[in-house]
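[1] Sharing a model prediction with you, sequence too.
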Amino acid sequence: MREVPPIAWRAVLIGGSVALAVFLFLSMASQMLPAVAVGIAAGAAVAGRLARERSGFHGGLVAVLWIGAEALSEPFRPAPADVVADLAQTILLDVVRLALGVLFGWLGGLARR
């Protein structure tokens, strides 16, 4: 049985903070850019760069933080007309966000070397 890799929480939390800051800046500056994707990519890259090992894993954890924060805000949204379509869209976007976090975390780790 494989062990759970060690998590550098400092890197993940700093990356999550960067993701939020970039998202807030871009959402105020322009409605054209996909602010969530750019924020997650920037935060994951920072987390990957700060983590000593498994940079993609730490980038993915930044995306997990984002998804968790989004899930906490879900009760405050109005109910969707089509629940099944909304659920499918949410799952698809979460998978894309996780993949984006892993990719940019890995790229951030490459920049460290």
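    Right, received. Where do you want to start?

[2] which stretches of the protein form helices?
    For the chain, helices defined by DSSP state H occupy the ranges 9-29, 35-50, 55-73, 83-112.

[3] Which of those helices has the highest mean neighbour count?
    helix 35-50 (a mean of 25; mean count of other C-beta atoms under 10 Å). For every residue, glycine as well, the C-beta is placed using N, CA and C.

[4] what is the mean pLDDT for that helix?
    Mean per-residue pLDDT for helix 35-50: 93.

[5] Also stretch 75-88?
    Per-residue scores along stretch 75-88 average to 88.

[6] how far is that stretch from where the chain is centred?
    21 Å (C-alpha atoms, centre = their mean, to the nearest Å).

[7] show me what contacts the nearest residue to A11 once chain neighbours are set aside?
    Sequence neighbours aside, L50 is the residue nearest to A11 in space, at 3.7 Å (criterion: C-beta to C-beta, 6 or more residues apart in numbering). L50 makes contact with A8, R10, A11, I14, G15, H58, G108, according to C-beta atoms under 8 Å, 6 or more residues apart in numbering.

[8] So for those, which is the shakiest by pLDDT?
    Within the contacts of L50, pLDDT is lowest for A8, at 90.

[9] circling back: roughly how far does the residue nearest to A11 sit from E74?
    Distance, L50 to E74, using C-beta to C-beta, to the nearest Å: 29 Å.

[10] and what of G59?
    From G59 to E74 the distance is 24 Å (C-beta to C-beta).

[11] again with G39
    18 Å.

[12] L100 reaches V38, doesn't it?
    No: when contacts are counted by C-beta atoms under 8 Å, L100 is not listed as touching V38 (9.6 Å).
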